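> Here you go, sequence then predicted model.
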Amino acid sequence: MTTCTISKIFVNSFPHKICRKQIEQQLRTHTTATKRFDLPQIRSEILQNWLTAESQHPHGTRTRSTYCCFTHTDAKKAYTDPKANWHWLDRELSSNVAGETGAVCIYQGALRAMSLRNDISLEAREFAREHMANEEGHLTLFRDVVPRGKYTVLLPLWRVAGWTLGFLPTIVGGSRALYVTVEAVESFVEEHYLEQIGPLEERGGSDELVRLLKHCCEDEVHHKEDAAKKLLGNDGKEFEAWWVGPWGFVVRTGSAIA
């Protein structure tokens, strides 16, 4: 984005323990994830969205008065300032970082619970490892495009909550309880991503960011469908237990509140 583009916005808008195999897999995930998207372009689109929102904010004039000529460097400095206003996209991307952090911890907790049980199948362990690696890829991408100053201060809480959400149902109910949990969580996450994609597509100008969000959303849908498939018995019938509905409701509600 050029200096002229930035200046034009403001002029026109105012006054208005891990084994070797796992490490190699994580590295491949990181390399694939970071090469698949134009990260500088995504950062630029995020900045552009912030500038547009800032120019329409009642207190946005403070930004303009501080940077009268407003170069690209000025824009980045204003956006990353700890005291900068948080707008809709900032809150959503911060939530994505927190959500993907929690997702990684869900599988870490589940894997820890599996290590304490002797009735967990290899298939279930691979399910957790595969999806954890995938979530780590998402988290790497968001960390690469969202400034640390835009992370929620509640990240430690998200780590504890995610780990607990993976550990408790798995230690108590085994792999099926994990599948129920994952299906419920991913149902919410799918909706969460769609709520970001829709407005961004409508506004335009965020094609690469939208592509990233769609990629993550498609992966979450796959996780949900994979968990649902694992819940099917050999006869193809869906797993039924009295606690499935209530637990799924608790997980979805908790995810929404968080």
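Thanks, I have it. Numbers count the residues shown, from 1 in each chain.
> How about the secondary structure of Arg117?
Here Arg117 is recorded as coil under DSSP: H, G, I helix; E, B strand; the rest coil.
> Oops, could you answer that again for Ile120 instead?
Ile120 is classified as coil under three-state DSSP.
> just use 33 as the starting number from now, easier for me
That works, and once the first residue is 33, the last one we named lands at Ile152.
> now it, nearest residue through space, not along the chain?
Ranked by C-beta to C-beta, 6 or more residues apart in numbering and with sequence neighbours excluded, the top spatial neighbour of Ile152 is Met146, at 4.4 Å. In this view, the C-beta of every residue, glycine as well, is placed from N, C-alpha and C.
> And the helix or strand hosting the one you found, how far out from the chain middle?
Assigning secondary structure by DSSP states H and E places Met146 in helix 120-147. From the chain centre to the centre of helix 120-147 is a distance of 7 Å (C-alpha atoms, centre = their mean, to the nearest Å).
> Just the buried residues of the following helix or strand past it, please?
Note on helix 120-147: by DSSP H and E, the next helix or strand toward the C-terminus is helix 154-177. Residues of helix 154-177 classed as buried: 156, 159-161, 163-174, 177 (neighbour count, 16 or more other C-beta atoms under 10 Å).
> what does stretch 183-203 give?
Neighbour-count burial for stretch 183-203 [16+ other C-beta under 10 Å]: Tyr183, Trp190, Arg191, Ala193, Gly194, Trp195, Leu197, Gly198, Phe199, Pro201, Thr202, Ile203.
> In helices, which of these appear?
Trp190, Arg191, Ala193, Gly194, Trp195, Leu197, Gly198, Phe199, Pro201, Thr202, Ile203 (DSSP state H).
> Any stretches of the protein with poor pLDDT?
33-67, 91-101, 264-290 (pLDDT under 70).
> who touches the residue nearest the centre of it in this structure?
Taking C-alpha atoms, centre = their mean, the centroid of the chain lies closest to Asn128, which sits 3.0 Å from it. Shown in contact with Asn128 (C-beta atoms under 8 Å, 6 or more residues apart in numbering): Phe174, Val178, Gln228, Cys248.
> Quick one: residues in contact with the helix or strand harbouring the last one.
Spelled out, it's Cys248. Using DSSP H and E, Cys248 sits in helix 239-262. Helix 239-262 is touched from outside by 68-70, 73-74, 77-78, 128, 132, 155-156, 159, 163, 166, 170, 173, 177, 207-208, 210-212, 214-215, 218-219, 221-222, 225-226, 228-229, 232-233, with contacts defined as C-beta under 8 Å, 6+ apart.
> Please, a PyMOL command that selects the buried ones among the residues you listed?
The buried subset of these, as determined by 16+ other C-beta under 10 Å, is captured in PyMOL by this line:
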select buried, resi 69+73+74+77+78+128+132+156+159+163+166+170+173+177+207+208+210+211+212+214+215+218+219+221+222+225+228+229+232
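> What angle do helix 154-177 and the helix holding Met146 make with each other?
150 degrees (axes from the mean of the first three to the mean of the last three C-alpha atoms, to 10 degrees).
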